[in-house]
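# the following block contains a protein sequence and its predicted model.
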Amino acid sequence: MNCGGSRGPAATVRCRECRTNLTAGPGARAVHCMQCSCATRVPGSGRQVAVVPHPRPNPGFGVCRSKKRAVLIGIKYTGRRANELRGPINDVKCMSHLLTTRFGFHSEGIIILTDEETNKCRLPTKENIRIAMHWLVQGCSNGDSLVFQFSGIGTQVPDEDGDERDCMDEALCPMDSFHQGPILDDEINAAIVRPLVHGAKLHALVDAHHSSTVLDLPYQCVTSKTTGCLNWVKQPTPNGTCKGTSGGRAVLISGSSGGKKMPANVLPEPCATMGALTHSFIKALECEPRASYGRLLTSMRTIMRQGGPCSLQGPVGSPVRKVTNFSGVEAPCLSSSENFGIDCEKLCI
């Protein structure tokens with residue numbers, strides 16, 4: 001079985017930033033530039049969201065109907081850019097350890113996709129990530145607790161359907177995004193947000209550039225300039241498109257990049273490394289496992305602002321020595337599919 005391959009003719013476009021010739025795979029709506037990390041629309045690709053409604057089963061995933069399921073993705077982009085990212089693989093390992101030791105997830109309910117995998121069906125290709133997202137929400141029901149994690153490169157693409165306030169779609173870059181293109185926020189929303197039924201909840205942690213609205217959730221957490229309190233602000237789409245769930249709840253913990261470009265390709269020290277956003281999330285929960293969403297967000301911001309080496313506990317986190325902000329995230333952000341008590345409701349995964 002072809003796990004992540006594709007057929008058909010390719011298209012050649014010029015990067016909108018550095019003007020490098022890029023080869024886009026068949027069906028790709030955009031393509032990611034290896035030189036400058038910019039994403040460029042493919043002319044004639046159309047506006048329809050490229051969702052795979054019923055992707056073929058992946059033999060590397062197996063069958064799991066546990067009420068707790070997770071898809072964890074970490075990509076270094078080895079051999080695909082000037083310098084690989086050093087933190088994403090440890091992000092995934094530490095997140096898996098957190099879910100199994102603190103939140104009652106079982107290993108058979110966790111799919112891990114990294115570019116260190118030898119099984120091609122577990123590589124974080126665009127097709128495999130699409131299949132994994134479908135696996136995560138397929139048949140979801142009341143009481144399901146789902147987790148989606150992505151550590152890697154994020155990007156922006158000019159919006160074509162008028163549903164973005166800043167006229168840019170956010171996107172996540174699979175390991176083959178330099179040919180197959182990134183996965184746009186429209187597709188991610190359709191794949192793992194809209195299917196959530198009443199009583200099902202999804203928590204997403206995305207450590208990537210331009211990730212603050214990558215699930216297209218309608219409620220953004222902001223700090224009041226007058227009271228300093230955290231509040232929800234609803235930001236409807238300009239064209240009125242509904243981006244909510246089917247009755248469930250989706251929460252995204254991501255990062256604001258402050259409009260800055262992704263950091264230059266500076267290779268971190270050759271030691272065990274993890275991403276700053278993921279480190280702040282896990283460290284905050286180690287210090288206060290039953291924190292409210294507001295308390296968690298505040299703690300994460302404090303941990304990132306203070307910086308310093310990795311200080312996680314346990315057999316997975318303790319060998320990690322360095323924290324690197326490979327994604328260029330300036331501060332953690334919180335968004336949701338619905339309005340709820342930020343400072344009173346406890347995080348429960």
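Alright, I've got the coordinates. Numbering: from 1, shown residues only.

# what number of residues lie near the closest residue to residue 152 other than its chain neighbours?
Among residues not flanking residue 152 along the chain, residue 75 sits closest, at 3.8 Å (C-beta to C-beta, 6 or more residues apart in numbering). Glycine gets a C-beta too; all of them are placed from N, C-alpha and C. Residue 75 has 30 neighbouring residues, counting by other C-beta atoms under 10 Å.

# so in the chain, where's the weakest helix or strand by average pLDDT?
The helix or strand of the chain with the poorest confidence is helix 314-317; it has a mean of 74 (mean pLDDT, DSSP states H and E).

# in that one, what's buried?
Residues of helix 314-317 classed as buried under the neighbour-count rule (16 or more other C-beta atoms under 10 Å) are 316-317.

# please name every helix or strand in contact with that helix.
Here helix 314-317 is seen to pack against helix 88-102 when contacts are counted using 3 or more C-beta pairs under 8 Å, 6 or more residues apart in numbering; DSSP states H and E.

# show residues contacting the helix it packs on.
The contact list for helix 88-102, computed with C-beta atoms under 8 Å, 6 or more residues apart in numbering, reads 68, 70, 72-76, 105-107, 110, 112, 114, 116, 147, 149, 151-152, 205, 207, 272-275, 278-279, 282, 285, 289, 312, 314-317, 320, 326, 349.

# follow-up on the earlier one: distance of the residue nearest to residue 152 from residue 173?
In this view, residue 75 and residue 173 are 7 Å apart by C-beta to C-beta, to the nearest Å.

# so what sits against both of the two?
Between them, residue 75 and residue 173 share these contacting residues under C-beta under 8 Å, 6+ apart: 152-153.

# OK, contacts around the residue lying closest to residue 336 once chain neighbours are set aside?
Counting by C-beta to C-beta, 6+ apart, residue 219 is the residue found nearest to residue 336 once chain neighbours are left out, at 4.6 Å. With contact taken as C-beta under 8 Å, 6+ apart, residue 219 is in contact with 232-235, 335-339.

# residue 276 now?
Taking C-beta under 8 Å, 6+ apart as the criterion, residue 276 is in contact with 87, 207, 304, 307, 323-327, 329.

# what's near enough to touch the residue nearest to it when sequence neighbours are not counted?
Counting by C-beta to C-beta, 6+ apart, the nearest residue to residue 276 once its immediate chain neighbours are dropped is residue 325, at 4.1 Å. Residue 325 sits next to 263, 275-277, 304 when contact means C-beta under 8 Å, 6+ apart.

# ranking by neighbours, what's the top pick from those residues?
Neighbours were tallied for each of the contacts of residue 325 (criterion: other C-beta under 10 Å), and the maximum of 30 neighbours falls on residue 277.

# in what helix or strand does it lie?
Element membership of residue 277 [criterion: DSSP states H and E] is helix 276-287.

# for that helix, buried residues please.
Buried residues in helix 276-287, defined by neighbour count with 16+ other C-beta under 10 Å: 276-285.

# for residue 253, state which of these is nearest.
Using C-beta to C-beta, residue 281 is the member of these that lies nearest residue 253, at 6.3 Å.

# could you measure from the closest one over to residue 66?
22 Å.

# one more: residue 208?
The spacing between residue 208 and residue 66, counted by C-beta to C-beta, is 27 Å.

# what of residue 187?
Noted for residue 187: a distance of 25 Å to residue 66, by C-beta to C-beta.

# neighbour count winner among these two?
Under the neighbour definition other C-beta under 10 Å, residue 187 and residue 66 were set side by side, and residue 187 has more, 21 against 14.

# just the buried positions in whatever helix or strand that one lives in, please.
Under the criterion DSSP H and E, the helix or strand holding residue 187 is helix 185-192. By 16+ other C-beta under 10 Å, the buried positions in helix 185-192 come out as 185-192.
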